[in-house]
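Visitor: after the sequence you'll find the predicted model.
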Amino acid sequence: MSGRRLRRAGLSWRGAAGGLVPEPVLRLAGHELRLWQSLVLWVRRARHGVREGDLAFGHARGDAAMMYGLLFVCLVETVGLSVLLADWPAAHAVVLVLDVQTVLFLLGLRAAAVVRPHVLGGGVLRVRSGAHLDLAIPLERIAVVRRRSAYSHAGAEGELNLPVGSQTSIELELSEAVEAPRLLRAGRPVRVVRFHADEPDAMYAALVGATRPRGEVT
């Protein structure tokens, strides 16, 4: 069925696209668009999803050295291959396009980590991981808040771990499961969420203040 017929059947544009394009392809395309949006916000020194009165907590510092190191290696490779393939214009053009796309992709990943912080406000905590995960947790579902640094995560059923530099520093136990989105598959319910913040003590204090007297504090 064509996209126009699907639209006539009352489906949204996303629903119509889902009838023509495999869902994983749509998810990857959406991720790519969020990376480009993040690059624009990064250039503008803006942040995504942070409203007036919200508290924002960055989580990008721990991966900065690794990301910039990868970018440096890619740039060196781009220059080196340009020199080596100078006598083969067609091959040089193809490799140059691929290298530029790789550099922009890495910049997008870095930008997404910077401009999409964790956000606390409006009765909701948004836990984020770059452009691929944005989990909204109603504060009334937060039963326990822990300030706990961990460097290894088993990945048990019902748990979501979002380490930065292999570390998480905040742990939440929920009274009711929330649906955690995944990039290429359907979401899954989780009741334990572990994540990292650049300033974990400040975020812990903010969460404690926002969840009392509902949340148990440890």
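Guide: Sure, I can see it.

Visitor: use CA for all of it now, contacts and neighbours both
Guide: Will do.

Visitor: mind checking how far the residue nearest the centre of the chain is from residue 148?
Guide: The centroid of the chain falls nearest to residue 130 when counting by Cα atoms, centre = their mean (2.4 Å). According to Cα to Cα, to the nearest Å, residue 130 stands 22 Å off from residue 148.

Visitor: ok, residue 158 next?
Guide: Noted for residue 158: a distance of 19 Å to residue 148, by Cα to Cα.

Visitor: so how far is residue 196 from residue 120?
Guide: For residue 120 relative to residue 196 (Cα to Cα), the value is 14 Å.

Visitor: more neighbours: these two, which one.
Guide: Applying other Cα atoms under 10 Å to residue 120 and residue 196 shows that residue 196 carries more neighbours, namely 30 against 25.

Visitor: so what's that one closest to, chain neighbours aside?
Guide: residue 168 (4.3 Å; Cα to Cα, 6 or more residues apart in numbering).

Visitor: report the beta-bridge partners for that neighbour.
Guide: Beta bridges link residue 168 to residue 150, judged by DSSP bridges.

Visitor: residues contacting it?
Guide: Neighbouring residues of residue 168 by Cα atoms under 8 Å, 6 or more residues apart in numbering: 148-151, 161-162, 194-197.

Visitor: from residue 155, how far off is it?
Guide: Note on residue 168: its distance to residue 155, by Cα to Cα, is 13 Å.

Visitor: now the common contact residues for those two.
Guide: residue 161.

Visitor: now name the helix or strand holding residue 100.
Guide: Assigned by DSSP states H and E, residue 100 belongs to helix 89-115.

Visitor: and the next helix or strand past that helix?
Guide: strand 118-121.

Visitor: residues making contact with that next one?
Guide: 49-50, 53-59, 125-128, 197, 207.

Visitor: please repeat the previous calculation with a cut-off of 10 Å.
Guide: Contacts to strand 118-121, defined as Cα atoms under 10 Å, 6 or more residues apart in numbering, come from residues 48-59, 125-130, 134-139, 195-197, 203, 206-207, 210.

Visitor: show me these that map onto helices.
Guide: Judged by DSSP state H, helices contain the following of the contacts of strand 118-121: 203, 206-207, 210.

Visitor: mind putting the residues you listed into TSV with distance to residue 178 and neighbour count?
Guide: Output for these, formatted as TSV (distance: Cα to Cα, whole Å; neighbours: other Cα atoms under 10 Å):
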residue	distance to residue 178	neighbour count
203	20	23
206	21	13
207	18	22
210	18	19
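
Visitor: and the residues you listed, which is closest to residue 31?
Guide: residue 203 (26.9 Å; Cα to Cα).

Visitor: quick one: residues contacting that closest one.
Guide: Counting by Cα under 10 Å, 6+ apart, residue 203 touches 55-58, 118-120, 147, 169-170, 196-197, 209.

Visitor: pLDDT of the helix holding residue 100, averaged?
Guide: Helix 89-115 carries an average pLDDT of 93.

Visitor: figure out how far it is from the centre of its chain.
Guide: Centroid displacement of helix 89-115 relative to its chain, using Cα atoms, centre = their mean, to the nearest Å, is 19 Å.

Visitor: where along the protein do the strands fall?
Guide: 55-57, 118-121, 124-129, 133-138, 142-150, 159-162, 168-180, 188-195, 216-217 (DSSP state E).
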